[in-house]
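J.: With the sequence up front, the predicted model follows.
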Amino acid sequence: MVIGRFPLGKIVVFGMKRASSPFTKLLLHVGKHYPVFRRTVIHPPGQLYHVMETRSKMRMLHLPQPRKIPPLTDVQATRMGANILGEFFVMIIGLSIIFFEVSRQMRKDKKLHDDHTEKRRILDERLAKIDSDVERQEKEIAWLKKNLHVEGIGKDFCEKKED
């Protein structure tokens, strides 16, 4: 098993198994004292798991599939169903934590993206203003050169600058 090489992975798996233990014990207690709950909620997952496990084992061993698989006893089905529901409970908690973290990270990334977009917009506005200022100044320079040449005042000045 790959997780065996990572001590942190072992700790997480062990912690998840320990976290499902109280919920499993609660389901066993409720199943013992409330037969309707036991028959409707706890037994079906246990029996379904038993059928799927038996069929997959028969398939792996290349044996013929039985038409009807004998059901588990009440105690076995209750224990199996409580274990499966306990693991399912822990899985739901883990998935909700992952969903929360992903959504939090997405909000953070969206905010960062919006900040970058706003900064980019501001820079684009500044660049557009600078471009318009440069165009205006070029027109003014051209107008000044034209007027200086027309009056003859700066003819020598403009020629010296162009060299």
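T.: Sure thing, it's come through.
J.: Can you pull up the most central residue in the protein?
T.: In the chain, the C-alpha nearest the mean C-alpha coordinate belongs to V102, at 3.5 Å (Cα atoms, centre = their mean).
J.: tell me the pLDDT at it?
T.: The per-residue pLDDT reported for V102 equals 89.
J.: What residues of stretch 11-26 count as buried?
T.: Within stretch 11-26, the residues scored as buried using 16 or more other Cβ atoms under 10 Å are S20, F23, T24. Any C-beta I mention is one placed from the backbone N, CA and C, and that applies to glycine too.
J.: Could you tell me how far stretch 68-85 lies from the centre of the chain?
T.: Offset of stretch 68-85 from its chain centre (Cα atoms, centre = their mean, to the nearest Å): 35 Å.
J.: what comes up buried for that stretch?
T.: Buried-residue list, stretch 68-85, by 16+ other Cβ under 10 Å: L72, A77, T78, R79, M80, G81, A82, N83, I84, L85.
J.: quick revisit: with pLDDT, distance to Y34 and secondary structure as new columns, can the buried residues of stretch 11-26 be given to me in a markdown table?
T.: Output for those, formatted as a markdown table (pLDDT from 0 to 100; distance: Cβ to Cβ, whole Å; DSSP: H, G, I helix; E, B strand; the rest coil):
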| residue | pLDDT | distance to Y34 | secondary structure |
| --- | --- | --- | --- |
| S20 | 77 | 20 | helix |
| F23 | 84 | 16 | helix |
| T24 | 87 | 16 | helix |
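J.: out of the residues you listed, who's nearest H113?
T.: S20 (38.6 Å; Cβ to Cβ).
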